[in-house]
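# What follows is a predicted structure for the sequence shown.
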Amino acid sequence: MAVVPARDEADRIAATVTAVRDVPGVATVIVVDDGSTDATARLALAAGAELVRHARNHGKADAMMSGLGRAAGLRRVGRLPGGVAVLFVDADLADSARSLGALVEPVMAGHADLTVATLPPQRTAGGGHGLVVDLARRGIKELTGWTPVQPLSGMRCLSPAAVAAATPFARGWGVEVGMTVDVLAAGLVVREVPCELQHRVTGSDWRGQVHRAAQYRDVALALAVRRLRRRLGGHPRVP
């Protein structure tokens with residue numbers, strides 16, 4: 001089962017859904033349209049996805065949780081088996097999403113509880129300076145002892161045990177960092193897996209800078225909450 005959070009991805013969502021449906025082990029693709037103002041929802045449905053719609057933008061973490069909620073509903077009516085792995089997919093991967101089978105296989109085989117895609121150099125260079133990535137990498141190492149290559153990668157496959165350990169997700173753009181820390185803290189196995197994926201990178205214009213500032217804020221918050229939780233002996237359970 002795959003969950004695809006999406007906002008204003010009309011140009012790529014159909015290709016992404018079609019490619020993910022071709023990934024071995026993925027029987028159902030759930031697209032969460034997080035307040036789009038374009039044809040994302042219509043095109044996702046036409047491509048064969050289950051659809052969840054948010055009337056307004058709630059952010060990535062909430063969209064991912066909504067996808068898990070729809071999956072639970074499908075299980076209750078017998079349309080989705082229980083105990084399946086969950087693949088989270090960024091909506092802008094288009095045809096390259098077919099490479100995500102490399103993430104699913106280790107989880108389905110029981111070799112890992114969380115697999116995280118590492119991406120090759122992208123065709124278009126981004127406009128950032130690596131500040132958010134450095135913050136995330138240092139924070140994960142501090143809290144778990146593990147140093148990830150690409151700590152903010154959004155393409156991830158989780159076993160049922162990993163989903164239980166990682167939910168509720170950290171808020172906003174802190175979801176990946178919080179997920180990694182929580183899964184490792186539960187004593188589960190995390191592996192990074194190279195995947196030949198290409199996506200739209202964030203530019204260096206003012207929109208890109210605003211996006212990075214929000215990322216930095218949310219990653220810092222996710223790390224701060226988990227430092228507090230560790231000092232308090234594992235409590236409170238705050239996302």
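Done, it's in. All values derive from a computational prediction rather than experimental measurement. Numbering: from 1, shown residues only.

# report the longest helix in this structure, please.
helix 206-231 (DSSP state H).

# tell me which residues in that helix are buried?
Neighbour counts using 16 or more other C-beta atoms under 10 Å place 211-212, 215-216, 218-223, 225-226, 229 of helix 206-231 among the buried residues. The C-beta positions use only the backbone N, C-alpha and C, and glycine is treated the same way.

# Among these, which pair sits farthest apart?
Looking at these by C-beta to C-beta, the two members farthest from one another are His211 and Arg229, with 27.2 Å of separation.

# chain center to the lowest-mean-pLDDT helix or strand in the chain, what's the gap?
Of all the helices and strands that make up the chain, the one with the lowest confidence by mean pLDDT, DSSP states H and E is helix 206-231; it has a mean of 91. Using C-alpha atoms, centre = their mean, to the nearest Å, the distance from the centre of helix 206-231 to the centre of the chain it belongs to is 16 Å.

# Then stretch 162-171?
Shown here is stretch 162-171, whose average C-alpha point lies 11 Å from the average C-alpha point of the whole chain (C-alpha atoms, centre = their mean).

# what about the residue nearest in space to the middle of the chain, helix or strand, and which?
In the chain, the C-alpha closest to the average C-alpha coordinate belongs to Gly154, at a distance of 3.8 Å (C-alpha atoms, centre = their mean). With the criterion set as DSSP states H and E, no secondary-structure element contains Gly154; it sits in neither a helix nor a strand.

# who touches it in this structure?
If you count contacts by C-beta atoms under 8 Å, 6 or more residues apart in numbering, Gly154 has them with Lys60, Phe88, Val89, Asp90, Glu176.

# Look up how far Leu93 lies from it.
Plainly put, Gly154 is 10 Å away from Leu93 if you go by C-beta to C-beta, to the nearest Å.

# same check, this time on Gly139
To Leu93, Gly139 is 26 Å away according to C-beta to C-beta.

# do Gly67 as well
Taking C-beta to C-beta as the measure, Gly67 falls 16 Å from Leu93.

# Of these two, which one has the most company?
Remark: of Gly67 and Leu93, Leu93 carries more neighbours, 28 against 24, as counted by other C-beta atoms under 10 Å.

# correct me, but the more buried one touches Val17?
No - the pair Leu93 and Val17 fails to qualify as a contact (C-beta atoms under 8 Å) at a distance of 10.2 Å.

# Now for the contacts of Gly154: which two are most distant?
Of all the pairs that the contacts of Gly154 form, the one spanning the most space (C-beta to C-beta) is Val89 and Glu176, at 13.1 Å.

# Check whether Ala49 really touches Val26, as I assumed.
No - counting by C-beta under 8 Å, Ala49 sits too far from Val26 to count as a contact (11.2 Å).

# List of residues touching the one helix or strand Gly69 maps to?
Assigned by DSSP H and E, Gly69 belongs to helix 60-76. Contacts of helix 60-76 from elsewhere in the structure, counted by C-beta under 8 Å, 6+ apart, are 1, 3-7, 28, 30, 32, 34, 50, 52, 54, 58, 80-82, 86, 88, 154, 163, 167-175, 239.

# And that helix, what's buried?
Under 16+ other C-beta under 10 Å, the buried positions of helix 60-76 are Lys60, Ala61, Asp62, Ala63, Met64, Met65, Ser66, Gly67, Leu68, Arg70, Ala71, Leu74.
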